[in-house]
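In: Output the structure for:
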Amino acid sequence: MKRLRVGVLYGGRSGEHEVSLASAASVFAHLDRTRYEPVPIRIEKDGRWALADKPPAVMVAGEVIEQARIEASRPLREGREVHFVARPSDETILSIDRLQNRDAEVPAAVVTGLSLDVIFPMLHGPYGEDGTMQGLLELANIPYVGAGVLASAVGMDKAVMKVLFAARGLPVCPYRLVLRHEWDAAPDEIAADLEKALHYPMFVKPANLGSSVGISKAKDAAGLREAMALAGAFDRKIVIEAAVGNAREIECAVLGNDTPEASVPGEVIPSREFYDYESKYLDEGSKSVIPADLPKKTADQVRKLSIEAFKAVDGAGMSRVDFLLSRDTGKLYLNEVNTIPGFTTISMYPKLWAASGVEYPVLLDRLIALALARHADKQRLRTSLT
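Out: Numbering: from 1, shown residues only. Down below sits the predicted model:
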């Protein structure tokens with residue numbers, strides 16, 4: 001049987017660049033080489049694409065982040081330059097080897113085309129998980145793993161996501177959306193409104209980012225101003241949420257296209273006050289409990305709401321759905337959907353499916369099969385009136 005050539009996209013122009021490298025390393029380590037020929041395609045922080053000389057190998061995000069700090073003064077430029085062909089073509093990417101000839105008036109280059117059967121985006125955050133990359137892949141008419149343009153964009157924008165959840169009758173905690181220019185123009189007035197509507201403590205988040213980057217817990221007026229400044233440094237849209245008292249962080253994994261399935265729920269117990277970037281990737285104290293210690297009724301509700309949330313954003317392939325469960329009231333709040341969840345060695349998505357009987361290599365098989373099936377289904381659509 002011919003092996004499928006799988007282009008794994010990783011890196012990207014995002015604050016989650018290093019996490020993406022660790023996720024991609026795990027994917028490369030677990031792809032069955034008898035079935036797939038993986039092709040490592042790295043996107044640098046400046047947006048340049050390269051056909052990497054070798055795939056990433058470090059599967060622990062904290063180690064990747066530390067390595068990136070060391071190399072910050074000498075950015076890595078590895079592999080051959082490549083360009084994606086943004087139209088249906090037998091040549092998915094063009095690999096460019098530039099010839100060194102200072103005497104030539106026009107620099108010469110050798111261009112080689114490479115065909116890919118399916119793309120596996122392991123890009124977290126903007127310019128990868130937000131629908132921009134998915135739009136490029138749609139233009140090329142190539143199968144790709146995960147959600148489409150709409151679900152990716154909605155899954156990245158926490159403000160729009162909450163509107164869709166509320167329209168579907170799903171439980172979300174009270175929140176407000178503030179644009180950065182609004183805050184800059186009237187911080188005192190907006191702060192007073194937030195204090196009245198949400199009360200302290202409250203969580204302040206960039207609307208379009210993941211991995212808890214730029215998120216703060218504001219406990220007073222001074223903390224709110226610091227949190228708004230931090231979130232505003234990452235996005236022009238800022239989401240402020242009322243804190244759920246004495247909350248547990250529950251997560252559930254969804255897999256499928258039109259008939260999605262939900263995994264067993266799991267619980268994250270952060271090493272810090274909440275599950276921020278450091279407690280996710282740098283501290284060793286955070287831990288996960290899979291399956292979560294929940295009454296059957298609550299576990300069933302988590303799984304049901306996860307599928308409802310997946311459908312609300314028109315998800316495909318995969319998503320991790322996050323909840324907050326109040327210990328005081330027992331009420332469950334839907335927090336967000338992540339359309340390209342982390343795949344690192346400590347990431348919940350693959351661990352939740354492993355606990356549900358789907359091991360990592362099989363999970364990759366199913367995701368690729370779902371991508372091919374979704375693509376084949378789209379090819380049935382008419383593109384002309386005649």
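In: other SSEs contacting the helix or strand hosting Pro350?
Out: Secondary structure assigned from DSSP states H and E places Pro350 in helix 348-355. The helices and strands touching helix 348-355, judged by 3 or more C-beta pairs under 8 Å, 6 or more residues apart in numbering; DSSP states H and E, are strand 247-256, strand 266-269, strand 317-326, helix 360-378. Every residue, glycine included, has its C-beta placed from N, CA and C.
In: and the first one, what does it pack onto?
Out: For strand 247-256, the helices and strands in contact under the criterion 3+ C-beta pairs under 8 Å, 6+ apart are strand 261-262, strand 266-269, helix 296-312, strand 317-326, helix 348-355, helix 360-378.
In: could you say what helices and strands the shortest one packs with?
Out: Right, the one you point to is strand 261-262. strand 247-256, helix 296-312.
In: Paired strands for that strand, with orientation please.
Out: Here strand 261-262 is paired, per DSSP bridges, with strand 247-256 (antiparallel).
In: In contact with the spatially most central residue of the chain: list those residues for me.
Out: By C-alpha atoms, centre = their mean, the chain has its centre lying nearest to Ile340, at 3.5 Å. Applying C-beta atoms under 8 Å, 6 or more residues apart in numbering to Ile340 gives the contacts 121-124, 128-129, 146-147, 152, 318.
In: What does it show for phi and psi?
Out: phi -130, psi 80 (degrees, to the nearest 10).
In: do Ser152 as well
Out: phi -70, psi -50.
In: From Ala166, how far out is it?
Out: Using C-beta to C-beta, to the nearest Å, Ser152 is found at 20 Å from Ala166.
In: Same check on Leu294?
Out: 24 Å.
In: higher neighbour count, these two?
Out: Using other C-beta atoms under 10 Å, the more surrounded residue of Leu294 and Ala166 is Leu294, with 20 against 14.
In: wait, the more buried one sits on Val264?
Out: No - between Leu294 and Val264 there is no contact under C-beta atoms under 8 Å: 9.5 Å.
In: Can you show me the strands along the stretch 151-300 of the chain?
Out: 175-179, 202-206, 216-218, 237-242, 247-256, 261-262, 266-269, 287-289 (DSSP state E, counting those that start in this stretch).
In: Report the secondary structure element holding Gly7.
Out: With DSSP H and E as the test, Gly7 turns up in strand 4-11.
In: Could you list the buried residues of the following helix or strand past that strand?
Out: The helix or strand immediately downstream of strand 4-11 is helix 17-30, counting by DSSP H and E. Buried residues in helix 17-30, counted by 16 or more other C-beta atoms under 10 Å: 17-28, 30.
In: between helix 17-30 and helix 360-378, how big is the angle?
Out: Here helix 17-30 runs at an angle of 100 degrees relative to helix 360-378 (axes from the mean of the first three to the mean of the last three C-alpha atoms, to 10 degrees).
In: elements contacting helix 17-30?
Out: strand 4-11, strand 36-43, helix 61-70, strand 118-122, helix 360-378.
In: do that again at 6 Å, thanks
Out: strand 4-11, helix 61-70, strand 118-122, helix 360-378 (3 or more C-beta pairs under 6 Å, 6 or more residues apart in numbering; DSSP states H and E).
In: Just the CA atoms of that helix, as CSV, please.
Out: Provided in CSV are the C-alpha atoms of helix 17-30 (Å, rounded to 0.1, in the frame of the first residue of the first chain):
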residue,chain,number,x,y,z
HIS,A,17,5.5,29.0,18.5
GLU,A,18,7.5,26.9,21.0
VAL,A,19,4.5,24.9,22.1
SER,A,20,3.8,24.1,18.5
LEU,A,21,7.3,22.6,18.1
ALA,A,22,6.7,20.3,21.0
SER,A,23,3.3,19.2,19.7
ALA,A,24,4.8,18.5,16.3
ALA,A,25,7.6,16.5,17.8
SER,A,26,5.1,14.2,19.4
VAL,A,27,3.2,13.8,16.2
PHE,A,28,6.4,12.9,14.3
ALA,A,29,7.3,10.4,17.0
HIS,A,30,4.0,8.6,16.8
